[in-house]
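[1] Need coordinates for the following:
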Amino acid sequence: MDNNFILDLSIIPKELRLLLEIMKTENDDSIEASIKELISESDWESFLQLAMHHRVYPIIYTKLIKIDKRLIPKNVIQTLYQEYQKNTFQMLYLSGEMEQVSKLFTENQIRLLFLKGPVIAADLYGDISLRTSKDLDILIPIDSLEKAEELLLSIGYEKEVVPNILNEWKWRHHHVVYYHPKKNIQLEIHWRLQPCPLKEPKFNELWERKRLGTITSYPVYFLGKYDLFLYLVSHGARHGWFRLRWLLDIDQMIRKGLELEEINRLNDKYQNRHIVGQALILASELIKTPIEGDLIKLTEGSYSKKFAQNTVYFIKENESLTNIMSNKYYKRYRFSLMSSLQKFFYSMILFYPSSLDAKTLKLPKSLHFLYFPLRPLLWAWRKTKNIKNSS
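    Next up, the predicted model:
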C-alpha cells in the first residue's frame, strides 16, 4: 500500500474501531492484545448493532469464541451465536432455492449467473455460514426477462410493482424484484450488473468466463474470478462501502491471489481503475488486507485516495441503504465516481420521463410522449412545491 497515505478515521466511533480491530487480526493472541483497551470503553449494545448492520457478525462470532471468555460479556457471545446459527440455516435454505431456480431456468433454455448468495460465500470463504445473504441475485440476458417472469410467477413468486412509463425501467433500473410469500425468499433478476450509464461486460462475455459452483448437485454458475472482483468493487463503491462485509469479500479475493495484468485489462476496458484503487486502500487501511507487489500501483492515484476518504462518512453512519441514497452527500459522491462520458449520459437519462412526472400531471397513454418536453417544467413544479411545503 502507498505508505504516504493514511485514512483519517477520527470520526469513527470506538465501537466501530473495536469491530475493525477484531476483523483485521489473524490470531487469537493478537485479538486479545489489540482489543483490551477498546473493550473497556465500548458500549456492547452499539457494538452488536454495528456487527449486524455491517453484516459481519458470522466472522466476528468465530473470532470472539476463540479468545478469553472473561473479556466479552456472555450475552454478547450468545447474541452473536444465535445470529450466526440463524444465518447458517438461511444460507442452507437459499442454497436449496438457488439449485431449484437454476434447474428451472436451465431446463427452459435461460442462461443464468448467480451474483451473490451461497455460491459466492462458498467460493470466497470456503464456508457458506461465514457470509450473510438476505436474497438471491441472478443475472440473465435482457431478452429472457419475460420468460423468466413467467417461470417465477408459475412457482409462486410475486413481482414487485414498479411504476413505469415509456419503458423507463430500461434506463433507470438494472434489476427487478420478486418475492415468494410462502418461502419468504426475495429474488432479484438483473439484466445488467450495474445501473446505466456505467460501462460493463456483455452477458455473453460473462457467460464465457463463468465458473461452476461446488455446493449443489445440479449445476449452478457464477461469475468468473476477475468479473466477480470488479462486480464486487463496483457494487461496493456505488454504495459508498457502507457495509464492511463488502470489504471482507475483497479481502478474501486478494488473499487468494489476483494478477495486476488481468485487473488492468478490465480496468482499461471498463474505466474502473479509480474505484479498484479505492477498494484496495479501504481494505488495507480498515481491515489490514495485504496489498503487495504490483497491486500497490493501483492505490497510488489521487482520485482513489480521495474516494476512499469520502466513504469513511458512509461507513460510520450505521444507516439503511434508503437513508444513505437519499443523502445529498451520497448523491454528489456517486456522481463524482463517473467518468466525463458517464456523467454526460447520466445527465441525459435525467431528461427521460419518470413515474413522478405521471404523478405530477396525469396524461392518457396516447399522450405520454408529451412528458419529454414537459419534464423540465414538471421537475421545477415539484421542487417549488417542496420548498413551499417545507417553509
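
[2] who's in contact with residue 249?
    By CB atoms under 8 Å, 6 or more residues apart in numbering, residue 249 lies in contact with 120, 124, 131, 232, 236. (Glycine included, C-beta is placed from N, CA and C.)

[3] Moving C-terminal from the host helix or strand of it, which element do we reach first?
    Taking DSSP states H and E as the criterion, the element that holds residue 249 is helix 245-256. Of the helices and strands lying after helix 245-256 in sequence (DSSP H and E), the nearest is helix 260-270.

[4] Can you pull out the residues in contact with that following helix?
    Helix 260-270 is contacted from outside by 199-201, 226-227, 229-230, 272-273, 276, 293-295, 297-298, using CB under 8 Å, 6+ apart.

[5] Could I get the buried residue list for that helix?
    By neighbour count, with 16 or more other CB atoms under 10 Å as the criterion, the buried positions of helix 260-270 are 263, 264, 266, 267, 270.

[6] Now pLDDT too, for those residues, in TSV please.
    Supplementary listing: these in TSV, determined by pLDDT from 0 to 100:
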residue	pLDDT
263	92
264	89
266	86
267	85
270	84
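
[7] buried residues in the helix holding residue 249?
    Residues of helix 245-256 classed as buried by neighbour count (16+ other CB under 10 Å): 245, 246, 247, 248, 249, 250, 251, 252, 253, 254.

[8] Using CSV, write out the CA atom coordinates for it.
    The C-alpha trace of helix 245-256 is given here as CSV (Å, rounded to 0.1, in the frame of the first residue of the first chain):
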residue,chain,number,x,y,z
ARG,A,245,-18.9,-7.1,4.6
TRP,A,246,-18.1,-5.9,1.1
LEU,A,247,-14.6,-5.2,2.1
LEU,A,248,-14.3,-8.6,3.7
ASP,A,249,-15.2,-10.0,0.3
ILE,A,250,-12.4,-8.0,-1.3
ASP,A,251,-10.0,-9.1,1.4
GLN,A,252,-10.8,-12.8,0.7
MET,A,253,-10.2,-12.4,-3.0
ILE,A,254,-6.9,-10.6,-2.6
ARG,A,255,-5.6,-13.2,-0.2
LYS,A,256,-6.4,-15.9,-2.7
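
[9] From the chain's centroid, how far away is it?
    Taking the mean of its C-alpha atoms, helix 245-256 sits 13 Å from the chain's own mean (CA atoms, centre = their mean, to the nearest Å).

[10] And for stretch 225-234?
    With CA atoms, centre = their mean as the basis, the distance from the averaged C-alpha position of stretch 225-234 to the chain average is 11 Å.
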